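S.K.: model this:
(one chain, ligands or ions: 1)
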Amino acid sequence: MKYSYGTAGFRTEASLLDAAIIGSTATAALRSLELKGKTTGVIITASHNPVSDNGVKVIDADGGMLSVNWEEKCTNLANAESKSELELLIKEYIAPSTFQASVVIGMDTRPSSPRLSELAKVILDEMSACYKDYGFITTPQLHWIVKLINENSSYSIPSNPPPLVLYYDSLCNAYCNVFSASTILHRPILTVDCANGVGSLPLEELSKRLKDYIDIRLINNDSCNYKYLNNGCGADHVKTTQSPPVNLVDKMIPNQLYASVDGDADRIVFYFTDKEKKFHLLDGDRISILLVSFLKILVQKSRLPLSIGVIQTAYANGSSTVYLNDLGVQIICTKTGVKHLHHEAQAFDIGVYFEANGHGTVLFSQDCVKKLWNPPTGISDTETNAIVVLLQLSQLINQAIGDALSDMLAVLSVLGSLYCDAKGWLSMYNDLPNKLVKVKVADRSIFITTDAERRLIKPVGLQEKIDDLVSKYEKGRCFVRASGTEDAVRVYAEASTKKGAEELSAKVCSLLK
Ligand code: G16
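M.R.: Predicted structure coming up:
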C-alpha cells in the first residue's frame, strides 16, 4: 500500500489504514515539537465515505489543515517500510528539542475508529508526547479546540484541556447575540438529517440549548448503528443525487427548510420542496451567496473600509459566479480541498469560502476583528448596530475550518435578519442544470489537471475531446478530476438545459472508458 496525503489526509479501506495512522500521529507530534510544544490534532474520520472506509487527518496548530510542507513528510512517514526506517525519518525531521509534543485526538463513530485511535495513542506514548483523547467528536470541533488551546495560555495538555462545553457556549451565546442585535422575529423550524454520524450528538445538544430560538428536529441521528452511516443520507448523498435522504422521501412539508450534514459534520446543504413537490437544493454556492450578500450590506452600513472576497472551486455553478460578479465582490477560483480555499480567503478582511458540496466558512482577519472591537467614535446607531452584528458573526462562524453546525446557525440568523424564507433564498438566481458523477477507472493517478482543476493536461488529447463535446452545448462546461478521497474520477457537467447537462456528462464519461 502506497499512501499519499490527499484532499483531506489519508482515506482508504479501514483495515489498510494502520501505517497511515502511525505516520499521521508521528507527524502531529513532530509538528508540535517544531512549534515548541504548541498543540496539534489527529482526527480519525472518513467523513462522507462508506462505513467500511476510515481516514486520518492532521490538524495544524492554528486549527487549520496541516501545513503543506509537512504533507510530504507525513506521506513518507506513512510509507516507511519498517520501524527502523520510521525512526530514521523521525530523527531526520526533528532537531533535538527540550519541548514535549502536545496532541489532541478524536474520532467519528465508525466501528474501526476506536482501534485506530488506540493505535494513535500507542505512537504518542512511544514518542513521549502528552495528549488528550476527546473520543467521539466532529472534525470541526477538534479543529476549534486546537485553535482555542494555542490562542489561550490558560489551557494546556494534559493538565488543563478545554472542555467541549466551551464550544457549545461560544456558538449558542453568539447565536443569541446575533438574534437580539438583528431583530429576528420568528423561531425557525429546521429538520436536520444527521447522516447517522457523529454530528448527531452535538446537534442534539444544540437543539436542547437553543430550543427557545430554533425548533431543530433531528432525523437519521442513530450514531450507534453504524450500518446506517451515510447510507442513503447525509450532505454528500443529497448534493450528488439532488434528492431527499432516507426517512424524508415523500415526507417533506412544502416550503419548510431542511438540512443534511455529512458523516463528520463539516459540510451542510439545505433544501425544500415547493407546493408542486419539486425538490430544490440550497447548496454551498447558495450558502456562500446568502452570507456574502448579508455581509456586504453590513459592511456598507458600518462604513468601515473592509474588503470582501469569495472563494469558489470549479464545481461552483456558473450562475452563482455570475451573481457574485454582479454583486461586485472579488471572486477567486481554487483547486478542490478546504486547504486551498482557506488559504485564499485569508487575503481578505472578510473571506467567504464554500465548496458547492457545502464545505466552507467565513474568515474574519485579525485586522478586521480589531476594527470591529474598536469602532470610530461618534458613529450613528445604524453603523454601531452593523458593527455589533459583524462582530457576533465572527464569533458564531468557526474560524478554524468549515463547520456544519456553525454554518447552520449562521444561515438561520441571516435568513431571519433578511426576513427571507427558503423560496426567497432560492429566487436569488437560477442554477444552470448540472450533473456530477463518479467514474471508476483503473488508475485515477493518470488524470493530471491545471487551471484550478478546470482542464486536463494528462491523459494527453483527452481535454481536446472534452472541449469538442462542450462546444456543442449552450452554456456548456465540463471538467474531469481525480478524487482525493475516493478511488474514482469525478465528472462535472453543466449546460443550459437538464437534458444537455446529462447528455454532456454521459458523453464525457464514455470518453473515460
Ligand atoms: C473532503 C475535503 C473537501 C472536498 C471533499 C471531496 O471533504 O475536505 O474539501 O471537497 O473531500 O474531495 P474529493 O473530490 O477530492 O474526493 P470531506 O467532507 O469528505 O472531509
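S.K.: So residue 435 sits against residue 493, correct?
M.R.: Yes: Residue 435 is in contact with residue 493 according to Cβ atoms under 8 Å; the separation is 5.1 Å. C-beta here means a position set from N, CA and C on the backbone, and glycine is covered the same way.
S.K.: Could I get the pLDDT score of the residue nearest to residue 237 when sequence neighbours are not counted?
M.R.: The spatial neighbour of residue 237 that comes closest, neighbours along the chain excluded (Cβ to Cβ, 6 or more residues apart in numbering), is residue 245 at 5.9 Å. Residue 245 is assigned 98 on the pLDDT scale.
S.K.: Would you mind confirming that residue 245 is in contact with residue 236?
M.R.: No: with contact defined as Cβ under 8 Å, residue 245 and residue 236 do not form a contacting pair (10.3 Å).
S.K.: Have a look at these two and say which one is more surrounded.
M.R.: Applying other Cβ atoms under 10 Å to residue 245 and residue 236 shows that residue 245 carries more neighbours, namely 24 against 20.
S.K.: Using the three-state scheme, assign the more buried one.
M.R.: What DSSP: H, G, I helix; E, B strand; the rest coil gives for residue 245 is coil.
S.K.: which ones are touching it?
M.R.: Counting by Cβ atoms under 8 Å, 6 or more residues apart in numbering, residue 245 makes contact with 193, 195, 219, 220, 232, 233, 234, 237, 238, 260.
S.K.: Wondering if the host helix or strand of the last one reaches the ligand at all.
M.R.: Element membership for residue 260, per DSSP states H and E: strand 257-261. No: when contact is scored as Cβ under 6 Å from any ligand atom, no part of strand 257-261 falls within range of the ligand; the minimum is 9.8 Å.
S.K.: and the stretch 1-150 of the chain, which residues reach the ligand?
M.R.: 7, 8, 47, 48.
S.K.: How about the stretch 251-400 of the chain?
M.R.: Neighbours of the ligand within the stretch 251-400 of the chain, by Cβ under 6 Å from any ligand atom: 262, 266, 267, 336, 337, 338, 355, 357, 359.
S.K.: Which of residue 435 and residue 493 has more residues huddled nearby?
M.R.: Comparing residue 435 with residue 493 by other Cβ under 10 Å, the one with more neighbours is residue 493, at 28 against 22.
S.K.: element containing the more buried one?
M.R.: Using DSSP H and E, residue 493 falls in strand 489-494.
S.K.: Now for residue 457: which residues touch it?
M.R.: Residue 457 is in contact with 448, 449, 450, 463, counting by Cβ under 8 Å, 6+ apart.
S.K.: Just the pLDDT for the residue nearest the centre of the chain.
M.R.: For the chain, the residue nearest the mean C-alpha position is residue 359 (3.2 Å; Cα atoms, centre = their mean). Among the per-residue scores, residue 359 holds a pLDDT of 97.
S.K.: So it sits against residue 266, correct?
M.R.: Yes: shown here, residue 359 and residue 266 form a contact pair, counting by Cβ under 8 Å, at 6.1 Å.
S.K.: Give me the common contacts of these two.
M.R.: Counting by Cβ under 8 Å, 6+ apart, the residues touching both residue 359 and residue 266 are residue 402.
S.K.: Quick one: mean pLDDT over the lengthiest helix in the chain.
M.R.: The single longest helix within the chain, with elements called by DSSP state H, is helix 284-302. For helix 284-302, the mean pLDDT works out to 98.
S.K.: repeat for stretch 114-124
M.R.: Stretch 114-124 shows an average pLDDT of 98 in the prediction.
S.K.: CA-only coordinates of it in PDB, if you can.
M.R.: Taking Å, rounded to 0.1, in the frame of the first residue of the first chain, the C-alpha atoms of stretch 114-124 are listed here in PDB:
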ATOM      1  CA  PRO A 114     -11.700   3.100  18.400                       C
ATOM      2  CA  ARG A 115      -9.000   0.600  17.400                       C
ATOM      3  CA  LEU A 116      -7.300   3.200  15.200                       C
ATOM      4  CA  SER A 117      -7.500   5.800  18.000                       C
ATOM      5  CA  GLU A 118      -5.800   3.300  20.400                       C
ATOM      6  CA  LEU A 119      -3.100   2.800  17.800                       C
ATOM      7  CA  ALA A 120      -2.500   6.600  17.600                       C
ATOM      8  CA  LYS A 121      -2.100   6.600  21.400                       C
ATOM      9  CA  VAL A 122       0.500   3.900  21.300                       C
ATOM     10  CA  ILE A 123       2.600   6.100  19.000                       C
ATOM     11  CA  LEU A 124       2.100   9.100  21.200                       C
END
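S.K.: Give me the below-cutoff pLDDT ranges for this structure.
M.R.: 183-185 (pLDDT under 70).
S.K.: What sits closest to residue 148 if chain neighbours are left out?
M.R.: residue 162 (5.4 Å).
S.K.: so what's that neighbour up against?
M.R.: Residue 162 makes contacts with 145, 148, 149, 152, 155, as judged by Cβ under 8 Å, 6+ apart.
S.K.: Could you identify the helix or strand that succeeds the longest helix of the chain?
M.R.: Assignment by DSSP H and E places the next element after helix 284-302 at strand 308-313.
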